Structure formats: C-alpha cells, structure tokens
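Trainee: Quick one: sequence and predicted model below, then my questions.
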There are 2 protein chains.
Amino acid sequence: MSKTSRVFQLARRPDGAPVADDFKLAEVPLPPLEAGQVKVRNRWLSVDPYMRLSLTTLKGVHAPTEIGGELDGGAVGEVVESRSDRLPVGAHVFSPLKGWRDLYVADAGQVAPVDADLGPLSAYLGVLGLSGMTAYAGLEFVLQPKAGETIFVSGAAGAVGMVVCQLAKRRGCRVIGSTGDPAKARLLGELGVEATINYRTDDLRARLRAFAPDGIDMYFDNVGGSHLEAAIDSMKIFGRLALCGAVELYNSGNYRQGPGNLFAAIEKGLTLTGFNIGLFAARRGEMMADLAGMLKSGELRVEETIVDGLENTAKAFIDLLAGANTGKMVIRV
Amino acid sequence: MSKTSRVFQLARRPDGAPVADDFKLAEVPLPPLEAGQVKVRNRWLSVDPYMRLSLTTLKGVHAPTEIGGELDGGAVGEVVESRSDRLPVGAHVFSPLKGWRDLYVADAGQVAPVDADLGPLSAYLGVLGLSGMTAYAGLEFVLQPKAGETIFVSGAAGAVGMVVCQLAKRRGCRVIGSTGDPAKARLLGELGVEATINYRTDDLRARLRAFAPDGIDMYFDNVGGSHLEAAIDSMKIFGRLALCGAVELYNSGNYRQGPGNLFAAIEKGLTLTGFNIGLFAARRGEMMADLAGMLKSGELRVEETIVDGLENTAKAFIDLLAGANTGKMVIRV
C-alpha cells in the first residue's frame, strides 16, 4: 500500500495566464490511517475556472494558496483502505478539495459517497457535480425562465454553460450562446441553441442585436468582463442577469472588478444576482434528482474533454482557462 | 405679458465638480401661444443629482446637453396664459423638463396638473414628486423589506434618502444612514434612524460592522462608488441592493463604472437591482396615495432646503452635489 501521494503544489504565483512552471508535481508522505479515516485513490480529477482565484493574492472566499501549498479541487475516487464502518474498501467517494493528487487520507465525513448507478463516476465532477448543479441553480432558482424568453449564455460550450443551454431549451427559451470555436458552435446547434456568437471573431453587441433586436431577457454569465458589459448593454428593460463566473477576468489581476457600464442597470431596471452552488446546498437533493433523471432519459447530453494522466493536470487547467475544453474537462488519473 | 424667458444654458462642460462659470443665465424669446398651449410661470424649481449626467458626454438615458443648450429639470408653476380648455389661467402644473427657467410655453399635454390640496406646491418636486416616488419604488417594490431587517441608506439626509429612512422605519426595519454632516445625523436620529455614519470622517466598513456585526440585509444606494463597495462588503448572504444613484461618481468622468468588488455578489449571493422612477410610472397612483396619506397624517416628515431666486439655481445645484442640502433642495423663483 502506497505511503506517498503525488500532488500538485503552487511553485510560484502566475502572472497573467498560468504556465507549466507555475506548478510542481511533488511526492509527499501520506499519514497512517486513524480511526474513522479512509485512504482514497482518485480516479477522476476536476479542473475548473474558479481554481484560478486561489492562485491570486486577492482576498475573497477563495483564500490565496501559499507558494509551496497543495492545490485543491474536486475529485472522485475509490476507497482503498478504510478504518471507517461507513465507507468500506471499494466505495466510490467525492471530495470537493482533494483533487490535483492521486491518493489522500481523509476523515470519512469529509468525503461524500457517490452512487455509480446514477451516472458514470466522472459525471460527479460534471453534470451530477458542481458544474451541473451550478447550471441548475443559476437557471432554475436565480433566473427562473419563462417559456418564450431569450437567454444569452456565455461560455455556452463549457461544463456549466452546456447544461444551462439544455435546461433553458427544456423551459422553452430561445438560447443564444457564445463560444470561441466553430466546432463547439456546431455542437451547440445540435443541442437546439438557436444562435451562437464566436467571441474571438464576432462583435458581441452587434450579434446580440442581430439575434435579439428587442433585447435579451436573461443573461447567464460565466465569463464576466467584456461579455458582461455587452450583455448589460443588450438587456431588455427589467432584464435578469445571473452572475456565476468571470473567467475572462481571472488572469487579469483583479477578478473582483465590476463592469464599466453598471449604471445601465439603473437606466433599464436590471437585476444582477450573483450566486455559487454552496449557497444552494439545501436544495442538492432536488437538483440531483432532476439532473440524474434527465441524464438517464437521454434528455441531457453530456460532453467531456478527457485528459489522461495525473501529470497532465496542470496542463489541462492551463488549457481550460484558454478555452480548450468542450463541456466538462476531467483528468483520468 | 412677458415675451421672454430667463433660462440657464450650459456655457461649457464641467471638468469635475461644476462651477458657476459652467452655466449662463440667458434671456430668450418666448414663442406666441398656439392653440392647445399654455404659458407657465414657474414657482418652484428642482435641482437633483441626476442633472449632472447630461452635462457629460457619456452615452446613456441622459443624453448630453449641448454647449449653449438649455438645461432641463422638474418645476412647478402656474398657468399665466392659456389657449387650452384643460388648463385655465391659475392652474398649477408640474413639468419634468421645464425647470431652470422662469417662464415657458408648452403644449397642455406636456405638463401635469397638480392638486394643491394634497400638499404644498414644492412637495411635487420632493415627497410627492420624483424624489418621494423614487424612494417609495426602491424600498417597497425593489427591496421589499421585512420587519426586523437591517437596511443601510446612503445619502440618508437627501431628498430620496430621507423618505427611504422613514418608509423603512414604517416597515419595522433597523436603519443605518450615511450623511456628511453631524446636524443631518441628528435630524436622522429624530426620524428614528438607529445609527448614522459620517462618510467624511468615519470608516464606512468599520461603522457598518459595528452597527451590524452579522451584516446588513439591504442597501439603498444613492451614492455609488466607495459607498457601494463598502455596502457590498458588508452585506449578509443573499443581501439585496437597490441601485438608485451614484452621486459620488457624477463628477468623476465615468459615472457608469461598476464597483471594484462586484465578485462578492457571486460569493455571497447578492442581488443588485437598478431602477429609476420612470420604470414604475404605472404604479404612480398607488405611490402618490400612500405618500400623500402619510404626509397629511404627519407620519412623513418633510425637510426642504429652500434657495431663493432663479439666478441662484446653478449655485444651488453646485451646492447640492457637494452635499449642502438637507432633504429636498428647491429654488423658490
């Protein structure tokens, strides 16, 4: 039984977009199991845009990772050693923190059993995990769409955005999605998305005006920055915006900055609601049941970008921030 | 019967805080009355912070006033000549645009009769006018307070803020108000405001933390800028913010800029709702009835800062932006 873990540490603080040398894959000793603890071998690791936040020194919910500190993130693994009655060897568990490594020791209460019958293990990092529930909470609880409304989804081909688009279609909405890649745009079209905008080549405001001359009713923001500003300028009176992420700003030095045109909210009566999935923990059961049902019935299409090998986790994260993923990016350890 | 009007024009575009030489009081010819028109002699003029917006070149609802163009704003006056059956000589009328002057000619349909029985004429520029209804809509329709909640009101001793404070007290809220003057703070105390913050001398965040250690439930924003940022940092989870104005930014060169810490909305699930009274025109009757009732019963205390003389309108506006008013600032022509 392995007594060490391979885990990514922060080698230095990224300046702008992270590069490989900002990370270091180290081998660290694993403590012996105490009563009530389990040892878990990770099978799937998650990389998500929010992970960029703790690489900064800005204060916020995501406290700065220290130089030399271990990175954290979501992971699904298998119990390989157990001193807990609750979690026998062979059980599959999710940890929101013990990603970026192959093995870890944790109290049984710090991990959550996952039901492999509901979906593949990797889905617990995606559609049945934080990404899927984030999409669900933002659309169903925050935006509360009505049939016939038009929604703009930024990062529409990402892990969250792709679920938002499908949930919005289920509610009878007209969906406009932004993405940086024609292949992703075609995929969105297959999901029923009525219009796509290539944010690398198109003028966001002009395209939004072309697709929604009367303005958009809702905006689901995964990107922030210039996307948020274009959306604000394109909203109808009393439009609703769900603020979920701001990946465009994460490499900028100040991801906390608001848009340059917030005054338009006063002029148009806009409502901007920020949220994160932690705020909706009490509704987890409800969200999971609906998402798992859609997954089982085939109503919800899942896309994954799979990267093989623990050692490629940092590269996957770097690529994710540059938009290389379609749907959920996961690492198969 | 006078054939000319004295009206303020924009002499040059203010650079930062407006000064007297940015304005020019000109004498201009009045056109002869056509059928359906009235000539109105203004009795009371309004100066309001939003008037700063059309002195900029920034695009928005408040389109730039051209150099040499006449300023506009609210006014209450008396019909002195009439070719309209609807509005006889002697009728009192409100115009949202024909302020900053002593006399004007307008179509009868462009002015609104006011009922001098509901309150004094000047009240139609304040508590029974845009200020009062703005306060009402923001508190009652946007924030929807519940008894026991804590609200922070910036610009609490201003025309809008003072009404917000009293409406919030009526709803059983705990009120924290910011103002720049100890005398205004005392006045707010007389209105039942539990705590005041002097934004010129106090640390906003520290005082908010002292008065509301668990955070504030609601924020009514008349000020924007550093006030909005301090409020965002002081909100409870799921806190609600009504964005009404941003007077702190109006002299800054970009009043449209959002706060530097908007990401906290994602972290705490905050809802920011912008609004202006034009969006709630359909509910005018309801608002007026409630406000006029409170005014008649004495439940609503009204403060006015009265400046005498048309020629002092620009100075009054300049002083308003520097915070010289208590309650509604009006010019008695």
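Mentor: Received it, and whenever you're ready, just let me know what you need. Residues are numbered from 1 along each chain as shown, chains lettered A, B, ... in the order given.

Trainee: Who's the closest spatial neighbour of residue A:324, skipping the chain neighbours?
Mentor: Computed as CB to CB, 6 or more residues apart in numbering or on different chains, the closest residue to residue A:324 that is not its neighbour in sequence is residue A:305, at 7.2 Å. Where C-beta positions appear, they are placed from N, C-alpha and C, glycine not excepted.

Trainee: Now the residue in the stretch 51-200 of chain A positioned nearest to chain B: closest residue in space that isn't a chain neighbour?
Mentor: As assessed by CB to the nearest CB, chain B sits closest to residue A:61 within the stretch 51-200 of chain A, at 4.3 Å. Of all residues not flanking residue A:61 in the chain, residue B:267 sits nearest, at 4.3 Å (CB to CB, 6+ apart).

Trainee: before we move on, what about residue A:271?
Mentor: residue B:273 (4.4 Å).

Trainee: quick one: contacts for that neighbour?
Mentor: Contacts for residue B:273 (CB atoms under 8 Å, 6 or more residues apart in numbering or on different chains) come out as A:265, A:269, A:270, A:271, A:272, B:142, B:240, B:241, B:242, B:243.

Trainee: give me that answer again for 6 Å
Mentor: Applying CB atoms under 6 Å, 6 or more residues apart in numbering or on different chains to residue B:273 gives the contacts A:271, B:142, B:242.

Trainee: Same check on residue A:77?
Mentor: Contacts of residue A:77 by CB under 6 Å, 6+ apart are A:40, A:41, A:42, A:43.

Trainee: which one of the residues you listed is nearest chain B?
Mentor: Closest to chain B, out of all of the contacts of residue A:77 and judged by CB to the nearest CB, is residue A:42, at 27.2 Å.

Trainee: Residue A:219 is in what secondary structure piece?
Mentor: Applying DSSP states H and E as the criterion places residue A:219 in strand A:216-221.

Trainee: Point out the other elements, helices or strands, that that strand touches.
Mentor: On a contact count with 3 or more CB pairs under 6 Å, 6 or more residues apart in numbering or on different chains; DSSP states H and E, strand A:216-221 meets strand A:150-153, helix A:225-234, strand A:235-243.

Trainee: Deepest-packed of the ones you listed, please.
Mentor: Neighbour counts (mean count of other CB atoms under 10 Å in any protein chain shown) averaged over each of those peak at strand A:150-153, with a mean of 29.

Trainee: What mean pLDDT does that one get?
Mentor: Averaged over strand A:150-153, pLDDT sits at 98.

Trainee: Pull out the buried residues from the next helix or strand after it.
Mentor: Remark: after strand A:150-153, the chain's next helix or strand is helix A:159-170, criterion DSSP H and E. By 16 or more other CB atoms under 10 Å in any protein chain shown, the buried positions in helix A:159-170 come out as A:159, A:160, A:161, A:162, A:163, A:164, A:165, A:166, A:167, A:168, A:169, A:170.

Trainee: Just give me the neighbour total for the residue nearest to residue A:61.
Mentor: Residue B:267 has 20 neighbours, counted by other CB atoms under 10 Å in any protein chain shown.

Trainee: about what we covered before: tell me the SS of the residue nearest to residue A:271?
Mentor: The local conformation at residue B:273, judged by DSSP: H, G, I helix; E, B strand; the rest coil, is strand.

Trainee: And the spatially most central residue of chain A, which helix or strand is it part of?
Mentor: Centroid-nearest residue in chain A: residue A:131, 4.4 Å away (criterion: CA atoms, centre = their mean). Taking DSSP H and E as the criterion, residue A:131 maps to helix A:130-136.

Trainee: got the CA positions of that helix in PDB?
Mentor: What follows is helix A:130-136, C-alpha atoms only, in PDB (Å, rounded to 0.1, in the frame of the first residue of the first chain):
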ATOM      1  CA  LEU A 130     -20.700  21.200  -9.000                       C
ATOM      2  CA  SER A 131     -21.000  22.100 -12.700                       C
ATOM      3  CA  GLY A 132     -24.400  20.600 -13.300                       C
ATOM      4  CA  MET A 133     -25.800  21.900 -10.000                       C
ATOM      5  CA  THR A 134     -24.300  25.400 -10.600                       C
ATOM      6  CA  ALA A 135     -26.100  25.500 -14.000                       C
ATOM      7  CA  TYR A 136     -29.300  24.200 -12.400                       C
END
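
Trainee: Which other helices and strands does that helix contact?
Mentor: Helices and strands touching helix A:130-136, by 3+ CB pairs under 6 Å, 6+ apart, are helix A:159-170, helix A:284-297.

Trainee: Tell me which of those helices lies nearest to residue B:96.
Mentor: Evaluated over the helices and strands packed on helix A:130-136, closeness to residue B:96 peaks at helix A:159-170, with 39.3 Å, by CB to CB.

Trainee: Next, the angle strand A:235-243 makes with that closest one.
Mentor: Angle of helix A:159-170 versus strand A:235-243, following axes from the mean of the first three to the mean of the last three CA atoms, to 10 degrees, is 130 degrees.

Trainee: Just confirm yes or no for helix A:159-170 near chain B.
Mentor: No. Helix A:159-170 lies apart from chain B when judged by CB under 6 Å from any CB of the partner chain; the minimum separation is 12.6 Å.
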